[in-house]
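1. What would the 3D arrangement of this be:
(one chain, ligands or ions: 1)
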Amino acid sequence: MNGPAKYPPRGLSKGLAGCHVCEKVSPVSLGHCPRCGSHLHLRKPDSLNRTIALVIAAAVMYIPANTLPIMSVRELGVLTESTIMQGLVQFWQARSYPIAIVIFTASLLIPILKIFSLLWLCAAAKGMVPHSSKVLGRVYWVTELLGRWSMVDIFVVAILVTMVQLGNYMRITPGPGALAFAAVVILTMFAAMSFDPKLLWDQLEREQAEAARQPLSEND
Ligand SMILES: [Zn+2]
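-> Prediction:
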C-alpha cells in the first residue's frame, strides 16, 4: 500500500473553513464569515443523506418523465399525445437525425449519466466502491460538467415545442411527462449542489490512514 499520508495538512484538521459565499478562509469557531456574515461549516451539513434522497427522487421521476406524454398536440380536433421516446422516433423517421441525437443526449442520456455519477460519488464518499484519487477527480469533473449543461434538457423541450408549432390549426400543450421531466432536471441540480466533494477527500484520507496503521505487507 501507500505508506504514510503524503498530503499537506488540511483545513479540517486545523478547524479552518472556507466561506461558501465569498471563499474567505477563517476559523470555523467564529460561526459566521467575518467578511460576508454567512454561516461557516467545515462540511455541508447532512450532505450525503440529502444528495442520496434527491438522486433517488430524480431516478423515480425519470420513469414518468419517459413513460407519460411530454406533450399533446391537438391538430384539427384530433388529439395526439407523445412521449420523449415517441418524439425521438418521429424525428428519426423524418430523417432529422441531428435533432433526434440532441433529444436523445439531452433527455435520456444526460439525466441517466447525472443520476449514476452522483450515486457513484455518494458510494465513493462512503467508501463503498474501490477508487483512486484520480478516478474520483475525473468523475467529479464529469458531474460538474453535466451540471453546467443541465439546462440543455429544458431547451430541447422548448425547441421541440416551437418546431412543431405550425400555425393556428395546431395546439400544443405540455403533458404530465414534461412536469416529471422538469422535476428530474431540478432534483439532479439540487443533488449536485448538496453534494460536498470534500467528503471524497476525507474518505481517501481515512483509507490512507487505515492503510498506514496496518502492518505493511512489504511487497511493493
Ligand atoms: Zn464569506
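2. interface residues of this structure facing the ion?
-> Those residues of the chain that sit near the ion, judged by CB under 5 Å from the ion, are Cys19, Val21, Cys22, Lys24, Cys33, Arg35, Cys36, Ser38. Every residue, glycine included, has its C-beta placed from N, CA and C.
3. who touches the helix ranked longest in the chain?
-> Longest helix in the chain, counting residues (DSSP state H): helix 47-67. Here helix 47-67 makes contact (CB atoms under 8 Å, 6 or more residues apart in numbering) with 83-85, 108, 111-112, 114-115, 118-119, 121-122, 125-126, 176-177, 180-181, 183-184, 187-188, 190-192, 194-196, 199.
4. Please identify the buried residues of it?
-> Within helix 47-67, the residues scored as buried using 16 or more other CB atoms under 10 Å are 47-48, 50-52, 54-55, 57-59, 61-62, 64-66.
5. Next: stretch 101-121.
-> 102-104, 106-108, 110-111, 113-115, 117-121.
6. go on, stretch 86-105?
-> Here stretch 86-105 shows Gly87, Leu88, Phe91, Ile99, Ala100, Val102, Ile103, Phe104 as buried, counting by 16+ other CB under 10 Å.
7. For Ala212, state which of those is nearest.
-> Phe104 (47.1 Å; CB to CB).
8. Which two among the buried residues of helix 47-67 are spaced furthest apart?
-> Ser47 and Asn66 (28.6 Å).
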